[in-house]
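Peer 1: Pasted the sequence and its predicted model underneath.
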Amino acid sequence: MTEVPRCSLILMAATLAAVGAQCSPRHAETVSSSGSGHALNSAAVVAHVELDPAPVSLSTLRTRRVRVDDPVYRTQKEYEGYDIGDVVDAVFGPDARRSPQIDIVFVCSDGYRATLPMAHARDGGVLATRDVSVPADVRWQPLRQGREYMLPAPYYLVWPAQRDPALQYPWPYRVVALELALPEPKVRTGDATVAHGEDVFRRDCATCHAINLQGGTLGPELNVPINVTEYWEPKTLRILIRNPALVRASSKMPAFPQLGDGDVDALVAYLTFMKGQKVELH
Ligand code: HEC
């Protein structure tokens, strides 16, 4: 299924209005499912649209060219693609953007899931369809990942400007589907360290790792059936989080040297806390 039926979108809008009124996100029913093996792994997903092959609604959009300081290729680049706000309007309908509390999720072919709050849909992000610095028939410059090379095709989200300096803009590549999702409710805890750990986890880790099946699938699930703190020593876990290469050669996980001791302690406290919050597996 590539398009969300119109009636589902109306249902979704009603759901979102209800959520807004309550000021506390709740799980919504999933209204569409993927037909190509990209599992809907989050109960909070309210719509899912496959982008590969491209839905007809995309072909009517105007493309534009943007110059960016590309943090993935680590150089200046120029891309052609669609404004992400136009894409959201085209594939989900204009009602979707009236729900600023919803997240746009970029689902990648390798299991990476990047999140952009709907309120930032019009911040100038471009869903690139090709790199204009290489010949048109080539479309992309190969990207090195560890020992391998791959292409960021079919879509790569790029940002010509950092409009909100407080936001960490996501640059997901190999984007194959878009979703709308309600942010997960935060865990109930009176412990400020656990709460901080959850914030850091959502920002830096949930793109690749799921907890209770919610999150990316590029890295392993970290809570069910066995929580990672049940088989890792806290000391090694702390080393791994900041620098995976010190624990495992050729790790696919990036290093997080920017995390302070307080952040790493909070992550471990959060992971430990989640041991008591496991979802049942069917
Ligand atoms: C770009 C994807 C990516 C991100 C972001 C990421 N990881 Fe990982 N992580 C992986 C992969 C892939 C593995 C699997 C083992 C490997 O390749 O080293 C892994 C392994 C792990 C493991 C070991 C799990 C096990 O069962 O042995 C832990 C714990 C972990 N990551 C925690 C984190 C935390 C905490 C963060 C956030 C600070 C994080 N990861 C961010 C990709 C990622």
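Peer 2: Everything's here; your move. Numbering: from 1, shown residues only.

Peer 1: Enumerate the residues of the protein near the ligand.
Peer 2: The chain comes close to the ligand at residues 204-205, 207-209, 218-220, 222, 228, 237, 240-241, 244, 248, 251-254, 256, 267, as judged by Cβ under 6 Å from any ligand atom. For every residue, glycine as well, the C-beta is placed using N, CA and C.

Peer 1: give me the low-pLDDT residue ranges for the stretch 1-150 of the chain?
Peer 2: 1-43 (pLDDT under 70).

Peer 1: Name the nearest residue to the residue of the stretch 1-150 of the chain found nearest the ligand, sequence neighbours excluded.
Peer 2: Of all residues in the stretch 1-150 of the chain, Tyr112 sits closest to the ligand, at 6.3 Å by Cβ to the nearest ligand atom. Leaving aside its sequence neighbours, Tyr112 sits nearest to Leu218 (Cβ to Cβ, 6 or more residues apart in numbering; 4.8 Å).

Peer 1: quick one: contacts for that neighbour?
Peer 2: The neighbours of Leu218, taking Cβ atoms under 8 Å, 6 or more residues apart in numbering as the test, are Cys108, Asp110, Gly111, Tyr112, Thr207, Cys208, His209, Lys252.

Peer 1: And it, how close does it get to Ala114?
Peer 2: For Leu218, the distance to Ala114 equals 11 Å [Cβ to Cβ, to the nearest Å].

Peer 1: Could you point out the longest strand of this structure?
Peer 2: Longest strand in the chain, counting residues (DSSP state E): strand 75-83.

Peer 1: tell me what that one is packed against?
Peer 2: Packing contacts for strand 75-83, counted by 3 or more Cβ pairs under 8 Å, 6 or more residues apart in numbering; DSSP states H and E, involve strand 64-70, strand 126-131, strand 156-158.

Peer 1: can you give me the angle it makes with strand 64-70?
Peer 2: 140 degrees (axes from the mean of the first three to the mean of the last three Cα atoms, to 10 degrees).
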